[in-house]
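A.B. asks: okay, predicted coordinates and the sequence, questions at the end:
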Amino acid sequence: MIENYYNITPQQINYIIELNNERNFQRASEKCFVTQPTLSMQIKKVEELLGFSIFERSKNPIELTKEGEDLIQILKDIQTEYSRITTLAQKISGNHIESLRIAIIPTISTYLITDVFETIRKTNPQLQLYIEELKSEDLIVAMDEGLFDVGIMAGPQISRRMRTIHLFQEEILIYYPEGNGDTISPKEIDSVQPWLLSKGNCLRTQMVNFCGINDKNDTHQWNYIGGNLDILIKMVDLNGGYTLIPENYTFQSTGKKHLYDRDTKEYPARQVIALTPIKSSKKESIDTLISIIQSHYNTKKRDDFRILDWK
């Protein structure tokens with residue numbers, strides 16, 4: 001009977017969502033602070049109420065059934081609405097402290113966090129930020145799984161499950177102290193040593209594509225696993241060559257120059273975007289964060305920018 005569906009409790013919904021995230025009963029039970037048998041029993045009760053299986057338990061790791069895939073987004077929406085009730089009650093009582101979980105790619109976090117943190121602290125003292133660096137592919141997966149409230153990365157990225165919000169564009173500069181003038185053409189650096197971030201960092205892909213680099217791990221005996229721009233800059237200083245850096249990444253040096261494709265009359269650039277859930281109990285705080293970021297940087301779009309894909 002349909003009225004039985006309303007007997008599914010918020011706790012049972014949380015159990016199902018955590019099990020979907022972990023795909024393992026033991027880990028999910030630990031996250032929910034219950035025993036594994038308790039978790040399994042509660043999910044079984046929901047399946048009996050619904051009349052179908054949510055998880056395919058014979059698989060390792062376990063998987064959602066087709067019916068479970070249709071159900072999980074509904075349960076996430078319900079969980080969001082429960083969170084809104086909690087938030088409203090806390091605001092009315094004056095006890096509300098909101099926590100925002102933010103995923104951000106390393107080549108943006110290296111400057112954005114320090115640029116905007118003080119403004120957020122002063123204007124929103126009740127807002128707590130939990131920030132984690134993730135590569136672009138991992139960030140998208142984590143956002144789809146509901147592990148973060150905001151994802152900040154280089155675009156373009158289209159998702160039916162997420163709002164995609166333009167934050168700003170930024171030019172991609174070249175750090176090449178040995179170069180003459182303040183503008184370099186990609187053709188001028190064909191034979192110059194490039195220092196690259198590890199695979200999976202979008203700035204590496206953009207660098208390879210715009211500069212026409214032969215992307216091999218064993219090139220020049222360099223196989224760096226990481227996303228630290230400081231290391232690349234120091235490698236250039238010690239060994240010569242060049243690397244690419246975002247416009248908003250600041251450091252004291254005269255080696256920064258513009259890259260300019262004289263054939264297309266374009267400068268390389270990237271679009272920085274935010275991904276947020278379409279429905280969220282934290283929408284007000286998310287929108288405030290996005291507004292602060294947009295206000296800090298120049299959001300004007302330039303016609304002479306070539307927006308590079310991150311994939």
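C.D. replies: Okay, I see it. Just so it is clear, the model here is predicted, and its values are computed rather than measured.
A.B. asks: show me the protein divided up by domain.
C.D. replies: Annotated domains of the chain cover 2-92, 97-168+270-307, 170-268 [automatic domain parsing].
A.B. asks: got the contact list for residue 159?
C.D. replies: 140, 143, 144, 275 (Cβ atoms under 8 Å, 6 or more residues apart in numbering). C-betas here are computed from N, CA, C, even on glycine.
A.B. asks: sorry, back to before: any chance of the domains of the chain in JSON lines with mean pLDDT as columns?
C.D. replies: Shown next, in JSON lines, are the domains of the chain (pLDDT from 0 to 100):
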{"stretch": "domain 2-92", "mean pLDDT": "86"}
{"stretch": "domain 97-168+270-307", "mean pLDDT": "89"}
{"stretch": "domain 170-268", "mean pLDDT": "80"}
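A.B. asks: tell me which of the contacts of residue 159 fall in helices.
C.D. replies: 140, 143, 144 (DSSP state H).
A.B. asks: the lengthiest strand in the chain pairs with which strands, and in what direction?
C.D. replies: Taking DSSP state E as the assignment, the strand of the chain that covers the most residues is strand 162-175. Strand 162-175 has the following strand partners under DSSP bridges: strand 243-246 (antiparallel), strand 256-259 (antiparallel), strand 267-277 (antiparallel).
A.B. asks: what sits opposite the closest residue in space to residue 260 that isn't next to it in sequence in the beta ladder?
C.D. replies: In this structure, residue 260 finds its nearest non-sequential neighbour in residue 183, 5.0 Å apart by Cβ to Cβ, 6 or more residues apart in numbering. Beta bridges link residue 183 to residue 258 when assigned by DSSP bridges.
A.B. asks: show me what contacts the spatially closest residue to residue 254 that is not a sequence neighbour?
C.D. replies: Among residues not flanking residue 254 along the chain, residue 177 sits closest, at 7.2 Å (Cβ to Cβ, 6+ apart). Neighbour list for residue 177: 236, 237, 253, 254, 255 [criterion: Cβ under 8 Å, 6+ apart].
A.B. asks: so what's the second one up against?
C.D. replies: This means residue 237. Contacts for residue 237 were tallied using Cβ under 8 Å, 6+ apart; they are residue 177.
A.B. asks: against residue 144, how distant is residue 151?
C.D. replies: Separation of residue 151 from residue 144 (Cβ to Cβ, to the nearest Å) stands at 10 Å.
A.B. asks: swap that for residue 32, sorry
C.D. replies: 21 Å.
A.B. asks: please say which of these two ends up with more neighbours.
C.D. replies: In terms of neighbours (other Cβ atoms under 10 Å), residue 32 is the more surrounded of residue 32 and residue 144; the figures are 19 against 14.
A.B. asks: buried ones in the biggest helix by length in the chain?
C.D. replies: The longest helix of the chain (DSSP H) is helix 66-93. For helix 66-93, a neighbour-count test (16 or more other Cβ atoms under 10 Å) marks 68, 71, 72, 75, 76, 79, 80, 87 as buried.
A.B. asks: show me what the helix or strand following that helix is packed against.
C.D. replies: The C-terminal neighbour of helix 66-93 among helices and strands, as given by DSSP states H and E, is strand 98-104. Counting contacts by 3 or more Cβ pairs under 8 Å, 6 or more residues apart in numbering; DSSP states H and E, strand 98-104 is packed against strand 127-133, helix 136-144, strand 150-154, helix 283-296.
A.B. asks: hmm, 10 Å instead?
C.D. replies: helix 66-93, helix 106-123, strand 127-133, helix 136-144, strand 150-154, strand 267-277, helix 283-296 (3 or more Cβ pairs under 10 Å, 6 or more residues apart in numbering; DSSP states H and E).
A.B. asks: gap between that strand and the chain center?
C.D. replies: Distance, stretch centre to chain centre, for strand 98-104: 10 Å (Cα atoms, centre = their mean, to the nearest Å).
A.B. asks: and stretch 182-191, by the same measure?
C.D. replies: Here stretch 182-191 shows a centroid-to-chain-centroid distance of 31 Å under the convention Cα atoms, centre = their mean.
A.B. asks: what's the answer for stretch 141-154, then?
C.D. replies: 5 Å.
A.B. asks: buried sites along that stretch?
C.D. replies: Of all the residues in stretch 141-154, those buried under the rule 16+ other Cβ under 10 Å are 142, 143, 146, 148, 149, 150, 151, 152, 153, 154.
A.B. asks: perfect, I'm done here.
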